[in-house]
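Enquirer: just to be clear, the model below is a prediction. Sequence and coordinates:
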Amino acid sequence: MESTLDFHTAKALLDWQVELGATEAILDAPVNRYEIPEKKVKSSPAQCQQSAPVREPKVDPLEIAQQMAKQAANLDQLKSAIAQFEHCALKRGARSLVFSDGHPSARVMIIGEAPGRDEDRIGRPFVGRAGQLLDKMLAAIDMDRTAEATDEAVYITNVLPWRPPQNRDPQPEEIFMMMPFVKRHVELVDPDVVVLMGNIACHGVLGKRGITRLRGQWTEALDRPVLPMFHPAFLLRSPHMKREAWADLIELKAKLLSLK
């Protein structure tokens, strides 16, 4: 078939193809000039940052405990705040939240260590053998957790509201994590004196251990007089130390009389 293109038109079309990159007129195989070769696309720094996993901000359990405790305006709200606190692993292994027992207007507030098996089962502090001994100790100085008169009543709680597994000693991080709730507890009850029973309570409130050395010595903490004493569980194991415990009870009674 004879071409209808004149010389000048055909030459212009050929020059246009050369400008587009056509350097050979005939090849062994056809070439798709529209095919785009694959290229490895480099990600920009911004794209890399977007595709990187998002890291959640680090949680400070102590700071959260401080905020939650501060917002509690009464004992019911404090108990609810502790129940909602999710950063202490002891909560997941305990049956009950052990909050308190006794009269909330008592002049004496006792802070123990942590719930045991009986406390975890019943949901009140000091209800096992150690609690029975504590009741006898208090009765010896005319005090009772069930008393209605504030001069005779006591209010009881623990540093930890949940039972550690196998009744192991609480770990330092568990103690200090819960201390904002303990301090707020004392503020809301506002007792005349606080009794710290055992090493764990002394560690949390005073930052000290060595109950044999600390017991019977009045000190100031939580904006009030504080008396460390042997834990009743220790006295059950070491009955020969009951004489020292009796001396501490006499000290407690004398202090209450002096503060009237």
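Expert: Structure's in. What do you need?
Enquirer: contact partners of stretch 248-260?
Expert: 107-108, 137, 140-141, 151, 192-193, 195, 215-216, 218, 225, 227, 229-230 (C-beta atoms under 8 Å, 6 or more residues apart in numbering). (C-beta placed from N, C-alpha, C; glycine too.)
Enquirer: which of those residues are buried, as a PyMOL select command?
Expert: Of the contacts of stretch 248-260, the buried ones go into a single PyMOL selection, burial set by 16 or more other C-beta atoms under 10 Å:
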select buried, resi 107+108+137+141+192+193+195+215+216+225+227+229+230
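Enquirer: so which of the contacts of stretch 248-260 are in helices?
Expert: Secondary structure from DSSP state H places M137 of those in helices.
Enquirer: for G210, grab phi and psi.
Expert: Torsion angles at G210 (phi, psi; degrees, to the nearest 10) stand at phi 100, psi 60.
Enquirer: shift numbering so it begins at 37
Expert: Shifting the count to begin at 37 puts that one at G246.
Enquirer: what's the burial count for it?
Expert: 11 (other C-beta atoms under 10 Å).
Enquirer: and which of the contacts of stretch 284-296 is nearest I118?
Expert: V231 (21.1 Å; C-beta to C-beta).
Enquirer: chain center to stretch 276-289, what's the gap?
Expert: Centroid separation for stretch 276-289 versus its chain: 34 Å, with C-alpha atoms, centre = their mean, to the nearest Å.
Enquirer: which stretches of this protein have low pLDDT?
Expert: Low-confidence segments of the chain, defined by pLDDT under 70: 37-46, 48-92.
Enquirer: what about the helices in it?
Expert: Under DSSP H, the chain gives helices at 43-55, 81-87, 97-107, 111-120, 126-129, 153-158, 165-175, 208-225, 235-242, 247-250, 268-273, 278-294.
Enquirer: turn those helices into JSON lines, including distance to F135.
Expert: Listed next are the helices of the chain as JSON lines, based on distance: least, C-beta to C-beta, whole Å:
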{"stretch": "helix 43-55", "distance to F135": "88"}
{"stretch": "helix 81-87", "distance to F135": "47"}
{"stretch": "helix 97-107", "distance to F135": "13"}
{"stretch": "helix 111-120", "distance to F135": "5"}
{"stretch": "helix 126-129", "distance to F135": "13"}
{"stretch": "helix 153-158", "distance to F135": "11"}
{"stretch": "helix 165-175", "distance to F135": "15"}
{"stretch": "helix 208-225", "distance to F135": "9"}
{"stretch": "helix 235-242", "distance to F135": "16"}
{"stretch": "helix 247-250", "distance to F135": "24"}
{"stretch": "helix 268-273", "distance to F135": "19"}
{"stretch": "helix 278-294", "distance to F135": "23"}
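Enquirer: so which of those helices comes closest to P200?
Expert: Nearest of the helices of the chain (C-beta to C-beta): helix 126-129, 5.8 Å.
Enquirer: packing partners for the closest one?
Expert: The helices and strands touching helix 126-129, judged by 3 or more C-beta pairs under 8 Å, 6 or more residues apart in numbering; DSSP states H and E, number zero.
Enquirer: could I get that helix in CSV with only the CA atoms?
Expert: What follows is helix 126-129, C-alpha atoms only, in CSV (Å, rounded to 0.1, in the frame of the first residue of the first chain):
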residue,chain,number,x,y,z
LEU,A,126,-1.6,-8.9,94.2
LYS,A,127,-5.2,-7.9,93.3
ARG,A,128,-5.4,-10.6,90.6
GLY,A,129,-4.6,-13.4,93.0
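Enquirer: mind listing what's buried along it?
Expert: Those would be L126, for helix 126-129 by 16+ other C-beta under 10 Å.
Enquirer: what's in contact with it?
Expert: F121, L133, L196, W198, R199, P200, P201, P206, E210.
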